[in-house]
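Asker: After the sequence you'll find the predicted model.
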Amino acid sequence: YSALSISHVTPQIGPSIGGTNLLIRGEGFADQGDLEVWLGREPLIDIVVESPQLISAITPRGPPGELVDLKIRATGRVFTLNEAFTFTPPPMIERIIPNEVSQNEETQVMIVGHHFLMQDPGTLVYEELPSAEGELIPITNVQRHDQSHIEITVPSREERLSKLILINPDQQRAEIELVRQPPPLLLSVSPLNGPDDQPTWILLEGQNFRAPATVWFDGRQALEVEVNASGNRSRVKTPLHPGGLSDVVWFNPDGQSSRLDRAYQFRGAPRVNEASPTVISRCGGGITTLIGLNFTLNMSVYFNGLE
C-alpha cells in the first residue's frame with residue numbers, strides 16, 4: 001500500500017443539515033481497500049475514490065456551529081485532518097414583534113432570533129401563503145440589523161394565516177406563523193354622556209375588539225378597558241376630561257383603530273349665568289328662565305334650598 005495523507009477539503013464549511021458535496025484531497029487514496037471516512041462522529045455518504053489524490057463524498061448531518069475533524073480509516077490505521085470542516089447552524093426564530101399584524105395596512109415587524117447572516121445575499125425573507133401551494137413570496141423591504149434582528153415590512157393581505165420563512169445562503173431555513181387580524185369597528189357608545197370630573201364605566205359595542213386594547217377620548221386615554229370573549233363589547237372607564245363632546249378612538253394591540261367622531265359628551269357641573277325674570281312672586285307659581293351651561297334633562301333646581 002502507498003502512503004496515505006490528507007492535505008485539505010473543499011469546501012471547508014457547509015450546512016448542519018448535511019448534503020454538501022465534499023472533495024477530499026491528498027495522496028495514496030487508491031489501493032487502500034475499503035475506506036471509512038468520518039466527519040466528526042458521523043460517516044460520510046456516497047464515498048467515491050476518484051483518483052489516488054481525490055475522494056468525493058456527501059456530508060452527513062452534523063452539530064450546528066462545530067468545527068470537526070476529518071478521519072480516514074484504512075489498512076487498520078486512522079489518518080486525521082484536524083479542524084477540517086465547520087457545520088454552519090441554521091437560522092433560528094425566537095419571536096416576531098408584534099406577533100400579529102394588520103390585514104389592511106403594511107406593518108413593520110422585527111424578527112428576533114439567531115444565526116442571521118449579514119453579508120450579501122445574507123438571510124433572505126419569504127412569505128408562504130396557504131393558497132399559494134408552497135410558493136415562496138419574497139419580502140423585499142428587509143433591513144438586517146445584526147445576527148439576531150431583521151426588520152421587515154409585511155404587506156397587507158386578506159389571508160389571516162401565513163408563514164414567514166428565513167433562508168440562509170446554504171439553504172438552511174427557519175419559519176414562524178404570521179397572523180393577520182382584521183381591523184376593529186366601533187359602532188356605538190352607551191350612555192352618550194357622563195361626568196367630566198368622575199371616572200365612569202361606559203359600554204362600547206362593535207366588531208373585532210381585541211385585548212389589550214387602548215381607548216382614547218380626544219387626547220386622554222381611558223383608565224381601564226375590558227373586552228369580552230366575542231370581541232364585540234367592551235367596558236371602558238372614562239378619564240377625567242374637560243366638558244364637551246369628544247371623539248372616541250379604539251386601538252387594537254396591532255395598532256389598527258376605529259373612530260367615532262363626537263360620540264361621547266363629558267358633562268361639567270351645571271352653571272347658571274342668568275335668570276329671567278330676576279323677580280317672581282314669593283307665593284310660588286311663577287316661571288323663570290335659567291341660562292347657563294351643562295344643563296341636563298331631569299335635573300333639579302332649588303331656590304334658597306327649596307326645590
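Answerer: Thanks, I have the structure now. Predicted, not measured: the structure shown is a model, and the values here were computed from it.
Asker: pLDDT below threshold where in the stretch 1-150 of the chain?
Answerer: By pLDDT under 70, the weakly predicted segments of the stretch 1-150 of the chain are 1-2.
Asker: can you count the residues close to Pro138?
Answerer: 9 (other Cβ atoms under 10 Å). In short, each C-beta sits where N, CA and C put it, glycine included.
Asker: how about it, what does it touch?
Answerer: 124-126 (Cβ atoms under 8 Å, 6 or more residues apart in numbering).
Asker: Apply 10 Å and report the result again.
Answerer: 124-127 (Cβ atoms under 10 Å, 6 or more residues apart in numbering).
Asker: likewise Ala30?
Answerer: Contacts of Ala30 (Cβ under 10 Å, 6+ apart): 1-2, 4, 49-55.
Asker: Does it belong to a helix, a strand or coil?
Answerer: coil (DSSP: H, G, I helix; E, B strand; the rest coil).
Asker: surely Val249 meets Asp261?
Answerer: Yes. When contacts are counted by Cβ atoms under 10 Å, Val249 is listed as touching Asp261 (9.4 Å).
Asker: Which one's more surrounded, these two?
Answerer: Val249 (19 against 9).
Asker: part of a strand, is the more buried one?
Answerer: Yes. The assignment for Val249 is a strand, going by three-state DSSP.
Asker: beta partners of it?
Answerer: Trp216, Arg259 (DSSP bridges).
Asker: Would you mind measuring from it to Thr10?
Answerer: As defined by Cβ to Cβ, to the nearest Å, Val249 lies at a distance of 62 Å from Thr10.
Asker: same check, this time on Ile139
Answerer: Distance from Ile139 to Thr10, by Cβ to Cβ: 33 Å.
Asker: cool, Pro91 as well?
Answerer: Distance from Pro91 to Thr10, by Cβ to Cβ: 24 Å.
Asker: Looking at those two, which is more packed in?
Answerer: Between Pro91 and Thr10, counted using other Cβ under 10 Å, the more crowded position is Pro91 (22 against 11).
Asker: Enumerate the positions of stretch 14-25 that are buried.
Answerer: Across stretch 14-25, burial judged by 16 or more other Cβ atoms under 10 Å covers 14-18, 20, 22, 24-25.
Asker: where's that stretch relative to the chain centroid, distance-wise?
Answerer: Taking the mean of its C-alpha atoms, stretch 14-25 sits 35 Å from the chain's own mean (Cα atoms, centre = their mean, to the nearest Å).
Asker: Over to stretch 190-201?
Answerer: 35 Å.
Asker: got it, and stretch 85-95?
Answerer: 21 Å.
Asker: returning to that earlier point: could the contacts of Ala30 go into JSON lines alongside neighbour count, distance to Phe79 and secondary structure?
Answerer: What follows is those, written out as JSON lines (neighbours: other Cβ atoms under 10 Å; distance: Cβ to Cβ, whole Å; DSSP: H, G, I helix; E, B strand; the rest coil):
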{"residue": "Tyr1", "neighbour count": "11", "distance to Phe79": "12", "secondary structure": "coil"}
{"residue": "Ser2", "neighbour count": "11", "distance to Phe79": "13", "secondary structure": "coil"}
{"residue": "Leu4", "neighbour count": "19", "distance to Phe79": "5", "secondary structure": "coil"}
{"residue": "Val49", "neighbour count": "17", "distance to Phe79": "14", "secondary structure": "strand"}
{"residue": "Glu50", "neighbour count": "12", "distance to Phe79": "17", "secondary structure": "strand"}
{"residue": "Ser51", "neighbour count": "10", "distance to Phe79": "17", "secondary structure": "strand"}
{"residue": "Pro52", "neighbour count": "15", "distance to Phe79": "14", "secondary structure": "coil"}
{"residue": "Gln53", "neighbour count": "15", "distance to Phe79": "14", "secondary structure": "coil"}
{"residue": "Leu54", "neighbour count": "14", "distance to Phe79": "15", "secondary structure": "strand"}
{"residue": "Ile55", "neighbour count": "23", "distance to Phe79": "12", "secondary structure": "strand"}
